[in-house]
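Chemist: Just a sequence and a predicted model for now, questions to come.
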Amino acid sequence: MQIDDEGSGGFGLPSPVRLRTVREVAREILHVDPNTVYQLIYERQLKATKVGRQWRISDRNIAAFLGENEEVR
């Protein structure tokens with residue numbers, strides 16, 4: 001999911017934000033079970049946003065998590 005303001009023309013508006021699902025983060029980035037990602041969210045180690053009933057994680061928050069936990073890689 002990507003939030004984008006088409007037609008903004010770059011008038012000082014923030015760049016689009018890439019929001020990933022728990023499954024995407026688990027499988028494609030962290031290479032862990034999705035339940036591990038949920039646990040990281042609930043323990044507030046990985047910042048996430050709830051969109052409806054589902055969690056979404058921004059690339060910025062993933063980078064911050066990986067930067068703080070370099071030994072995980």
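Modeler: That came through fine.

Chemist: what's residue 64 in contact with, if anything?
Modeler: Residues in contact with residue 64, defined by C-beta atoms under 8 Å, 6 or more residues apart in numbering, are residue 47. C-beta here means a position set from N, CA and C on the backbone, and glycine is covered the same way.

Chemist: and it, what pLDDT?
Modeler: As predicted, residue 64 sits at a pLDDT of 95.

Chemist: tell me the average confidence for stretch 24-39?
Modeler: Per-residue confidence for stretch 24-39 averages out to 97 on the pLDDT scale.

Chemist: Next, the buried residues of it.
Modeler: Judged by neighbour count (16 or more other C-beta atoms under 10 Å), stretch 24-39 contains these buried residues: 24-26, 29-30, 34, 37.

Chemist: List of residues touching it?
Modeler: Taking contacts as C-beta under 8 Å, 6+ apart, the residues outside stretch 24-39 that touch it are 20, 22-23, 46, 55, 57, 62, 72.

Chemist: try 7 Å this time
Modeler: Stretch 24-39 is touched from outside by 22-23, 46, 57, 62, with contacts defined as C-beta atoms under 7 Å, 6 or more residues apart in numbering.

Chemist: Any idea which residue is closest to the centre of this protein?
Modeler: Geometric centre of the chain, nearest residue: residue 57, 2.1 Å, by C-alpha atoms, centre = their mean.

Chemist: Just list the residues touching it, thanks.
Modeler: Contact partners of residue 57, counting by C-beta under 7 Å, 6+ apart, are 19-20, 25, 46, 48.
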